[in-house]
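Peer 1: The amino acid sequence is not available; the structure is as follows:
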């Protein structure tokens, strides 16, 4: 990619971003209705999607990740980008051949009998080709797209500029989005996917993790031919896990296959270690022996031992209805931003967990998910990317299981698998059962009486703190909005003064602009300092 194309890329993305920022401000100033906001976000999402498809590269991958952030972004925007796919044409064979020669040198011709020139798959970051080694083994060769590193550097520079403006100048509908955290998480995920050495190590990790599981197949990686830009793996054959007729022809029982999927993923979701974050139907195959084949370990999440401990404690606290402990777990897991008031979150969790598991059978899960997203957006909650990926992994597997066994209930299929997992955990696993027993009426009686006696004072304190917080936050936001408009007025005055060659007008306007920008930055700093103060005050 030459310098001209880089500058053109930056111009198109930045101009789109700044137009979006101005539209948001204009709607804020004019106090548009909710219906108008819905329409605006739909238009923004459509423009965003078209720009991504036009520029391709890393931006499509960014769009795919952003489409999972329904906890942060408006639903109308998400609807426009949630079906983003990598519709990127493969590179010219001459460019790919050049990469192979650069990465393998003399061993290229010595170790390969042939490599098909037509790509088996092509995406925004990499392409896959089929080859045959000298010993006759068929392999899948995953290679990074030509010049992708240069494109990535350019796109991250653009993103950094956009994030700075969004963090300092744009009043998003939710006032608590931490754009810098979102940017850093996004950068970390994509940089990991770009490094094939890390994917190589991830494949070895999963191969070792599932070495004792006879119904899971992880393709072998050919280490001696793999580099940071090329990944060589064992070629595997299988049918997609969603191809029901093909699975039936293999003689595989669908319900057993669904339980095998859960046995494969429940340990990934609840135990420390890495988990497959992109288990869509293209990455899950079924072999002729009925084994589950896991492919593509570029997008993974990781649950640390600390995360696992707090996550299991969170489940236990929900079972025992100990919402104070649940909020503490959410803080340790990074779900609550510094502005969050634990006292406000507790009653909301209590209200959220009022339904019984049996009610899930009659619930509209899509409507429930949308309702939860709306609730999250209204609160100072930002789900860490690793848990977004965890939720995405769960939802993907849940959808596949519903497709495999449409007449079966997910809870009924998963119950024996979950109980089997609990038995393997020993004492820590059975604590789930103990906490469930504690949630029963006879165990809850004394705790409920105590909660009832202290409820009036507790809710009065919550109400007072929340009202003060919202009032002060609104004052700061109004100041910022007024100073931003004053900045625009000053910039317009500079333009008029320069156009009319009147030094008095542009000098006065320049002074107003400098004062407005300085005041805006001071106000923004005071707001962040106040939010930090409120968080520390609540923790005392």
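Peer 2: Ah, there it is. Bear in mind the structure is a predicted one, so any value in this text is a computation, not a measurement.
Peer 1: Going along the chain, name the helices of the stretch 401-540 of the chain.
Peer 2: Using DSSP state H, counting those that start in this stretch, the helices of the stretch 401-540 of the chain run over residues 410-425, 427-438, 441-500, 503-539.
Peer 1: Show me the contact partners of whichever strand or helix holds residue 199.
Peer 2: In this assignment (DSSP states H and E), residue 199 forms part of helix 196-209. Counting by C-beta atoms under 8 Å, 6 or more residues apart in numbering, the neighbours of helix 196-209 from elsewhere in the structure are 142, 144, 192-193, 218-221, 223, 226-231, 233, 273-274, 276, 294, 297-298, 300. All C-beta spots, glycine's among them, are computed from the backbone N, C-alpha and C.
Peer 1: try 7 Å this time
Peer 2: Here helix 196-209 makes contact (C-beta atoms under 7 Å, 6 or more residues apart in numbering) with 142, 192, 218, 221, 223, 226-231, 273-274, 294, 297-298, 300.
Peer 1: pretty sure residue 303 contacts residue 272?
Peer 2: Yes - the pair residue 303 and residue 272 passes the contact test of C-beta atoms under 7 Å, sitting 5.6 Å apart.
Peer 1: Pick out whichever of these two has more residues nearby.
Peer 2: The residue with more neighbours, out of residue 303 and residue 272 and counting by other C-beta atoms under 10 Å, is residue 303; that gives 22 against 13.
Peer 1: List the residues that contact residue 264.
Peer 2: Contact criterion C-beta under 7 Å, 6+ apart gives 216, 292 as the residues in contact with residue 264.
Peer 1: any idea how far it is from residue 103?
Peer 2: Spatial separation of residue 264 from residue 103 under the definition C-beta to C-beta, to the nearest Å is 33 Å.
Peer 1: And residue 251, by the same measure?
Peer 2: According to C-beta to C-beta, residue 251 and residue 103 sit 42 Å apart.
Peer 1: So between these two, which is more surrounded?
Peer 2: When neighbours are counted by other C-beta under 10 Å, residue 251 and residue 103 differ, and residue 103 comes out ahead with 17 against 8.
Peer 1: that older thread, name the residues of the helix holding residue 199 that are buried.
Peer 2: Taking 16 or more other C-beta atoms under 10 Å as the basis for neighbour counts, the residues of helix 196-209 that come out buried are 196, 198-200, 202-203, 206-207, 209.
Peer 1: Could you do stretch 501-509 as well?
Peer 2: Going by neighbour count (16+ other C-beta under 10 Å), the buried part of stretch 501-509 is 505-506, 509.
Peer 1: Out of the residues you listed, which comes closest to residue 183?
Peer 2: When those are compared for distance to residue 183, the smallest value, 33.2 Å, is given by residue 509; criterion: C-beta to C-beta.
Peer 1: Spit out the contact partners of the closest one.
Peer 2: Taking C-beta under 7 Å, 6+ apart as the contact definition, residue 509 lies against 490, 493-494, 497.
Peer 1: a markdown table for those, including pLDDT and neighbour count?
Peer 2: Output for those, formatted as a markdown table (pLDDT from 0 to 100; neighbours: other C-beta atoms under 10 Å):
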| residue | pLDDT | neighbour count |
| --- | --- | --- |
| 490 | 83 | 21 |
| 493 | 85 | 19 |
| 494 | 85 | 17 |
| 497 | 81 | 18 |
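Peer 1: Go ahead and name everything in contact with stretch 122-131.
Peer 2: Identification of contacts with stretch 122-131 by C-beta under 7 Å, 6+ apart yields 56-58, 60-61, 86, 88-91, 112, 114-116, 119-121, 138-145, 148, 193-194, 235.
Peer 1: Next, the buried residues of stretch 223-243.
Peer 2: Using 16+ other C-beta under 10 Å as the burial criterion, the residues of stretch 223-243 that qualify are 225-227, 229-233, 236, 238-242.
Peer 1: typed the wrong thing, it's stretch 24-39
Peer 2: Of all the residues in stretch 24-39, those buried under the rule 16+ other C-beta under 10 Å are 24-25, 27-28, 37.
Peer 1: Please report how far residue 311 lies from residue 273.
Peer 2: Looking at residue 311 against residue 273, where the rule is C-beta to C-beta, the gap reads 13 Å.
Peer 1: Looking at these two, which is more packed in?
Peer 2: The neighbour comparison of residue 311 against residue 273 (other C-beta under 10 Å) goes to residue 311, with 21 against 16.
Peer 1: From the contact counts, what lies against the one helix or strand residue 328 maps to?
Peer 2: The secondary structure element spanning residue 328 is helix 323-333 (assigned by DSSP H and E). Taking 3 or more C-beta pairs under 7 Å, 6 or more residues apart in numbering; DSSP states H and E as contact, the helices and strands that helix 323-333 lies on are helix 305-319, helix 342-352.
Peer 1: For residue 416, give me the pLDDT.
Peer 2: The score at residue 416 is 85. That number is its pLDDT.
Peer 1: pLDDT weak spots in this structure?
Peer 2: Segments of the chain classed as low confidence (criterion: pLDDT under 70) are 1-4, 56-58, 68-72, 83-87, 168-178, 319-320, 337-344, 347-382, 426-473, 528-540.
Peer 1: try it again with 50
Peer 2: Counting by pLDDT under 50, the ranges of the chain that qualify are 1-4, 173-176, 355-366, 368, 437, 439-455, 535-540.
Peer 1: distance of the residue nearest to residue 227 when sequence neighbours are not counted from residue 144?
Peer 2: Residue nearest to residue 227 in three dimensions, not counting chain neighbours: residue 103, with 4.9 Å by C-beta to C-beta, 6 or more residues apart in numbering. Residue 103 sits 10 Å away from residue 144, taking C-beta to C-beta as the criterion.
Peer 1: Mutual contacts of these two, please.
Peer 2: Counting by C-beta under 7 Å, 6+ apart, the residues touching both residue 103 and residue 144 are residue 229.
Peer 1: How many neighbouring residues does the residue lying closest to residue 82 once chain neighbours are set aside have?
Peer 2: What sits nearest to residue 82 in space, not counting adjacent residues and going by C-beta to C-beta, 6+ apart, is residue 67, at 4.6 Å. Using other C-beta under 10 Å, the number of residues around residue 67 comes to 20.
Peer 1: Quick check: residue 67 vs residue 314, distance?
Peer 2: Using C-beta to C-beta, one gets 26 Å for the distance from residue 67 to residue 314.
Peer 1: now residue 264
Peer 2: Distance of residue 264 to residue 314, computed by C-beta to C-beta: 23 Å.
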